[in-house]
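**Student:** model the structure of this input:
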Amino acid sequence: QVQLVESGGGLVQAGGSLRLSCAASGLPFSTYTMGWFRQAPGKERECVAAVSTTSSSTYYAGSVKGRFTISRDDAKNTVYLQMSSLKPEDTAVYYCAARPGSVSYRRWEYNYWGQGTQVTVSS
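**Tutor:** Numbers count the residues shown, from 1 in each chain. Model (predicted):
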């Protein structure tokens with residue numbers, strides 16, 4: 001049974017930083033592209049970052065480029081999202097997702113999803 005468990009969310013002031021973690025089990029982690037998505041109230045779920053196997057390729061949404069960094073540790077079956085210079089508009093539930101293919105920003109191409117972790121940025 002595949003499980004993706006996110007952690008690290010919380011309340012932070014604008015300009016602050018958070019690091020999200022996603023621990024995976026039940027799948028050959030090193031062979032999966034991993035993505036971080038977010039969904040704000042009333043909005044569609046969007047990809048903020050994704051990292052390919054071996055970290056050879058990454059994707060960042062324009063709104064987070066230069067502020068967020070995705071990384072993976074295959075030895076720990078964990079993917080991270082380092083978020084800096086946070087803005088109130090980054091407030092959302094953040095989800096980890098996995099797909100057995102190349103980097104993609106399309107949510108329907110991801111097979112497995114975590115339960116999400118709330119990130120709230122106060123102004």
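**Student:** going by C-alpha atoms from here, please, whenever you check contacts or count neighbours.
**Tutor:** Will do.
**Student:** just the element for the most centrally placed residue in the chain, please.
**Tutor:** For the chain, the residue whose C-alpha lies nearest the mean C-alpha position (C-alpha atoms, centre = their mean) is Trp36; its distance is 2.1 Å. Element membership for Trp36 (DSSP states H and E) is strand 33-39.
**Student:** list of residues touching the helix or strand following that strand?
**Tutor:** As assigned by DSSP H and E, the chain's next helix or strand after strand 33-39 is strand 46-51. Strand 46-51 is contacted from outside by 33-39, 57-61, 63-64, 68-72, 103-107, using C-alpha atoms under 8 Å, 6 or more residues apart in numbering.
**Student:** and stretch 16-31, by the same measure?
**Tutor:** For stretch 16-31, the external contacting residues (C-alpha under 8 Å, 6+ apart) are 1-9, 12, 53-54, 74, 76-86, 96, 100-101.
**Student:** that older thread, which residue sits closest to the residue nearest to the centre of the chain, ignoring its sequence neighbours?
**Tutor:** Sequence neighbours aside, Cys96 is the residue nearest to Trp36 in space, at 4.7 Å (criterion: C-alpha to C-alpha, 6 or more residues apart in numbering).
**Student:** please, which helix or strand holds that neighbour?
**Tutor:** Under the criterion DSSP H and E, the helix or strand holding Cys96 is strand 92-99.
**Student:** show me how far that strand is from its chain's centre.
**Tutor:** Put simply, strand 92-99 sits 5 Å off its chain's centre (C-alpha atoms, centre = their mean, to the nearest Å).
**Student:** what is it packed up against?
**Tutor:** Secondary structure elements in contact with strand 92-99, counted by 3 or more C-alpha pairs under 8 Å, 6 or more residues apart in numbering; DSSP states H and E, are strand 3-7, strand 33-39, strand 112-113, strand 117-122.
**Student:** what does it contact?
**Tutor:** 4-6, 22, 32-41, 109-120.
**Student:** partner strands of that strand and their direction?
**Tutor:** Here strand 92-99 is paired, per DSSP bridges, with strand 33-39 (antiparallel), strand 112-113 (antiparallel), strand 117-122 (antiparallel).
**Student:** tell me the phi and psi of Ser55?
**Tutor:** Listed backbone geometry of Ser55 is phi 60, psi 20, with angles given as degrees, to the nearest 10.
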